[in-house]
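Participant: Coordinates for the following, if possible.
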Amino acid sequence: MDSRENPKREIGATRTLQNFSGAVEHVKFHHSQTLYTVLRVRAKAPLDSSVTVIAHMPMPRTGDLFRFTGTWETHPVYGEQFHALSYEAAPPVTVEGIRAYLASEVEEIGPGLAGRVVEAFGLDTLRVIEEAPERLESVPGIGPKRARAITSAWGSRRATHDVLVFLYSQGLSPALAARVVNHYGDRAAEVVRTDPYRLALDIPGVGFLTADRIAMNTGIPRDAPERLKAGVLYTLEAAAARGHAFLPRRALCHEAARLLNVDAHAAEATCDSLGEALLVAMEPDPGGSRGKDAVYLPGILNAEREAARLLACIAHAPKRPLGIDPSTAVAWMEASRGVSLSERQRQAVRMAATRTCLVLTGGPGTGKTSTITAIIHLFDRAGARIALCAPTGRAARRMSEATRFEASTIHRLLEYNPGSSTFLKNENRPIEADLVVVDECSMVDITLMHHLLKAVRPGTTLVLVGDVDQLPSVGPGDCLRDVISSVVAEVVRLDTIYRQEKTSGIVDNCHRINKGAMPVVSTDLSGDFTFVPEEDPERILGLVVEHVTSRLPSMHGLDPLSDIQVLSPMHKGVLGVDNLNAVLQRAVNPSGRPFKKRHGEFRLGDKVMQTRNNYELEVFNGDIGRLVDMDERDGSCTVDFEDRLVAYSQADALDLVVAYATTIHKAQGSEYPCVVMPVHTQHALMLARNLIYTAVSRARKIVVTIGSERALRYGIENTRSSRRYTLLARRLAQEASSPATP
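Facilitator: Next up, the predicted model:
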């Protein structure tokens, strides 16, 4: 077809960037927060027709002229649309156009005044407003005050357009660019051009690397003090995201210097200046080595210090008597519930009755749930007030189902207020309970632990429950391990497999792995733990898809969406989460209606995961649901999380990812009927015993590992899991030897 006969159709057939100019006829939809806009535009030649444009832009007005750059796409419902990746305001070129443009564009100029302004300056009107606004005062009806208002309004609107175009050019998505404009308002352009590093601090989703790229493009020198400070702070924040409470000074300066491409002396001087400004906090090394000084973000240091002090106060506080004999209560509970506790489980119950702080740890099938239930029934029979909690909603639900007592998330127990980002429960308004049980405590980071301990009244019994051999928390700290290694709390470790689970190959293999032994497996899906040997990554990928879509469903009746979860150690590579999701999405949900998103493609019916705690929506990092609705007009969507439907705005939906596969870290605290885990030497940097152990222990019924036996053996034998920099254990030991006063 000759493109001159139907230029729009020919353009739509290509995926290369196109552009055209036109005037806004009307706005069909506009979202004030995300700036998602659907408008009809009367395009100039060669299109010479009305077209639908999808863009992220401030609210345009009828008659606005723009030059759009983007691609043509055909929507199955709405037909052909132009998706604008960028745009620029195009000033009108006729006197009549300028008059209409001013009357609709600038609130301070109505139709009558617009006519007088254009009559005075003709085609030079827009140049006068921008370059010589004092000349406006010569127009009847415009004094100094109105001239300033016109100039300000014009400049603000043009500045918003300019900064959005600039942010797009720096690689920011439309949603992130909209966040910047909404946060800074009229000052957005000034902030972006003069202090872009503020974006990394103020705008969720804009990291240091993005801010640094903008800064380099705006000419900020590589050794500028604001760049060096932002780089050192980013290094500490990145370390916290990896689980470190602090970094030794030498390690921090080395990492920051490498990131910033400056010498170590510059990083050291910057670290000192940040300390003087109280933007970082330093704790001297007891041995006097300055390079080993602990450098913290101030909030994390305060959390670690206060958590140690508060836990010591709780552990050493006088115990409020229960008024019931523990041995008699245990015997009653065993008889009434038809269970038999081991001596170690009975010991844990007695300690809960006589101590104020207890840690209960053990692997799967060792009786943690039975022990918790016995403790709860003991306190319940004594008429005590009981509060049960866990870090995530799914862990709290499992706790409720297992104990038959209501449990909540830690955030809900502490009455988290999303608007102020504060907890309403604290030392001044503590949890009204005689017993507080915290399950899945290995997932609790130092900041959340601090807030929890603040709300536990001394004299209350605190029971921390978790598997210390699993991966530690995603956030900073290693709280459960640190509490156990200190002497501040009583610790009971359950290490014997009880009940019918003793026949479970999964439970048995968890304990074998934890002792450094290879699992006992089948090779044909006949048992509950299968290993499929394969060395080639591409063939491993194919076997993963085959097992998820056909073998496991046909042999065990499993649903690929709701029953099977693929876990991988890494994001990148052929067997990384990103590629696994792309391949599994096509295989499991081939007919789902697709939606293009910033970080990939979603399809209606996809399995999706929440990647960040959202307390307003009450969805948490790692929660998995199914995408059941999507509105392309504003980017909103609805996700079914089994127990309820959650409506997401476009901004909230940025925290959703496709989740046919996920990392093992993200699976912490979750359980799935079946886990499929590819394992290969390309994962070697991540493979460690606690990683393999955590992945296997996520499965309730079936585990299928597919890949290299050598890689699996290496992971199980590797106990050198990454060290976390934390001083909580040392602080707890110090507090235990000299307990603080409550």
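
Participant: Now do the contacts for the residue nearest the centre of the chain.
Facilitator: Taking CA atoms, centre = their mean, the centroid of the chain lies closest to Arg612, which sits 2.8 Å from it. Contact analysis of Arg612 by CB atoms under 8 Å, 6 or more residues apart in numbering lists 621, 655. Heads up, the C-betas are built off the backbone N, CA and C, glycines and all.

Participant: Reduced to three states, what does it come out as?
Facilitator: coil (DSSP: H, G, I helix; E, B strand; the rest coil).

Participant: And it, how close does it get to Gly323?
Facilitator: The gap separating Arg612 from Gly323 is 45 Å, by CB to CB, to the nearest Å.

Participant: Using CSV, list the CA coordinates for the host helix or strand of Arg730.
Facilitator: Assessed by DSSP states H and E, Arg730 sits inside helix 728-737. Output in CSV follows, covering the C-alpha atoms of helix 728-737 (Å, rounded to 0.1, in the frame of the first residue of the first chain):
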residue,chain,number,x,y,z
LEU,A,728,22.7,-6.4,68.1
ALA,A,729,24.1,-9.6,69.6
ARG,A,730,27.0,-7.7,71.2
ARG,A,731,24.6,-5.0,72.6
LEU,A,732,22.3,-7.7,74.0
ALA,A,733,25.1,-9.5,75.7
GLN,A,734,26.2,-6.2,77.3
GLU,A,735,22.6,-5.4,78.3
ALA,A,736,22.2,-8.9,79.8
SER,A,737,25.3,-8.5,82.0
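
Participant: Quick one: list the elements packing against it.
Facilitator: Counting by 3 or more CB pairs under 8 Å, 6 or more residues apart in numbering; DSSP states H and E, the packing neighbours recorded for helix 728-737 are helix 298-316, helix 479-485.

Participant: Contact partners for Ile624?
Facilitator: Contacts of Ile624 (CB under 8 Å, 6+ apart): 565, 607-610, 641, 659, 662, 670.

Participant: Which of the residues you listed sits closest to Val491?
Facilitator: Ser670 (25.6 Å; CB to CB).

Participant: what separates that closest one from Phe620, distance-wise?
Facilitator: Relative to Phe620, and taking CB to CB, Ser670 is found at 11 Å.

Participant: Spell out which residues are contacts of both of the two.
Facilitator: Counting by CB under 8 Å, 6+ apart, the shared contacts of Ser670 and Phe620 are 392, 394.

Participant: Okay, now the unreliable bits of the stretch 51-200 of the chain?
Facilitator: The stretch 51-200 of the chain contains residues with pLDDT under 70 at 90-94, 97, 100-108, 156-162, 164-166, 168-171, 173-175, 186.

Participant: what about the closest residue to Pro298 other than its chain neighbours, how many residues close to it?
Facilitator: Leaving out its chain neighbours, the residue that sits closest to Pro298 by CB to CB, 6 or more residues apart in numbering is Ala281, at 4.6 Å. Neighbour count for Ala281, taken as other CB atoms under 10 Å: 18.

Participant: got the phi/psi numbers for Ala281?
Facilitator: phi -120, psi 140 (degrees, to the nearest 10).

Participant: pLDDT score for it?
Facilitator: Ala281 is assigned 95 on the pLDDT scale.

Participant: Next, work out how far apart it and Trp72 are.
Facilitator: 55 Å.

Participant: Pro225 too?
Facilitator: 47 Å.

Participant: between these two, which one's more packed in?
Facilitator: Trp72 (18 against 12).

Participant: who does that one bridge with?
Facilitator: Counting by DSSP bridges, Trp72 is bridged to Phe82.

Participant: before we move on, back to that, now do the same contact list for the residue nearest to Pro298.
Facilitator: Listed by CB under 8 Å, 6+ apart, the contact set of Ala281 reads 275, 295-298, 301.

Participant: Restricted to buried residues, select these in ChimeraX.
Facilitator: Typed into ChimeraX, the line below selects the buried ones among the contacts of Ala281, using 16 or more other CB atoms under 10 Å:
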select :295,296,297,301
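
Participant: Redo the contacts of Ala281 as CSV? Include pLDDT and distance to Ser737.
Facilitator: Converted to CSV, these look like this (pLDDT from 0 to 100; distance: CB to CB, whole Å):
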residue, pLDDT, distance to Ser737
Gly275, 94, 29
Val295, 96, 26
Tyr296, 97, 23
Leu297, 96, 28
Pro298, 96, 26
Leu301, 97, 21
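
Participant: of all the contacts of Ala281, which comes closest to Leu123?
Facilitator: Out of the contacts of Ala281, the member with the shortest distance to Leu123 (by CB to CB) is Leu297, at 56.7 Å.

Participant: On the three-state scheme, the closest residue to that closest one other than its chain neighbours is what?
Facilitator: Sequence neighbours aside, Leu236 is the residue nearest to Leu297 in space, at 5.4 Å (criterion: CB to CB, 6+ apart). Here Leu236 is recorded as helix under three-state DSSP.
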